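Asks: Could you work out the structure for the sequence below:
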Amino acid sequence: MKFPIDLTFKILALASQIYVRDAQGNLLGYVKQKLLKLKEDINVYSDESQTTVLFNIKADRILDFSARYNFTDSRGNALGSIRRRGMRSIWKANYEICDPSGTQVFQVNEESPWVKIADSLVGELPVIGMFTGYFFHPAYIVSRMDGTQVLRVGKQRAFFESKFHLSEPGNLSTAEESLVLLGILTMVLLERARG
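Replies: Numbers count the residues shown, from 1 in each chain. Predicted structure coming up:
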């Protein structure tokens, strides 16, 4: 993959649609989240025609704050998973990315919880609340278990779409890049209502 990578959400669509593009603007993947699903089951397609499934993201339980989201490739091979760290994520978003055996290999932490608080408070104001996405920009750090930072994810300013920018990764293998990208994609889907 050619970094940096952008994840772009179409805000005005009924179901969440995400376009994953590389540094040259090439489409790496397309996601259209299904409406009214109690148990998330998301396919990542090669393009908007939705003919070729690249990956699948599936929750292990129905509507749970600490659900594990498992990643598989197009042949059903396990690639890993991500889960929110329960009560720790109320103040500051925290996620665990695990390998196929279930061993945690990466962690994702929100840089500043104050952005979440400001976004929540201002977002409740009539009219002004519509513009919080332009002023409040959550950012997340992906790091290895030893604390080595490998990637930064930041929301960019936008009115009619939501755009997240993934910086150049530090020392990741191809398999790790796919695992982290799927983890970030899932995390952004879960956190998309903020900022």
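
Asks: average pLDDT for the longest helix anywhere in the chain?
Replies: Ranked by number of residues, the top helix in the chain under DSSP state H is helix 174-191. Mean pLDDT, helix 174-191: 91.

Asks: what does that helix rub up against?
Replies: Helix 174-191 has contacts (Cβ atoms under 8 Å, 6 or more residues apart in numbering) with 1, 5, 7, 9, 16, 18, 20, 29, 31, 33, 42, 44, 55, 57, 69, 71, 79-80, 82, 84, 93, 95, 97, 99, 105-106, 108, 138, 140, 142, 150-151, 153, 164, 166, 169, 172. In this view, the C-beta of every residue, glycine as well, is placed from N, C-alpha and C.

Asks: Pull out the buried residues from that helix.
Replies: Within helix 174-191, the residues that qualify as buried are 176-191, counting by 16 or more other Cβ atoms under 10 Å.

Asks: now swap in stretch 148-162 and tell me
Replies: Val150, Leu151, Arg152, Val153, Gly154, Lys155, Ser162.

Asks: With secondary structure, distance to Thr51 and pLDDT added, can I get the residues you listed in a markdown table?
Replies: Formatted as a markdown table, those follow (DSSP: H, G, I helix; E, B strand; the rest coil; distance: Cβ to Cβ, whole Å; pLDDT from 0 to 100):
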| residue | secondary structure | distance to Thr51 | pLDDT |
| --- | --- | --- | --- |
| Val150 | strand | 32 | 95 |
| Leu151 | strand | 30 | 94 |
| Arg152 | strand | 33 | 94 |
| Val153 | strand | 29 | 93 |
| Gly154 | strand | 32 | 89 |
| Lys155 | strand | 30 | 84 |
| Ser162 | strand | 26 | 78 |
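
Asks: residues in contact with Asp6?
Replies: Tyr19, Val20, Arg21, Gln156, Lys163, Phe164, His165, Leu166.

Asks: so where's this structure shaky on pLDDT?
Replies: For the chain, the stretches with pLDDT under 70 are 11-14, 36, 63, 86-90, 116, 119-120, 123-125, 128-134, 158-161, 192-195.

Asks: As a quick check, tell me the outermost residue of it.
Replies: Pro126 (27.9 Å; Cα atoms, centre = their mean).
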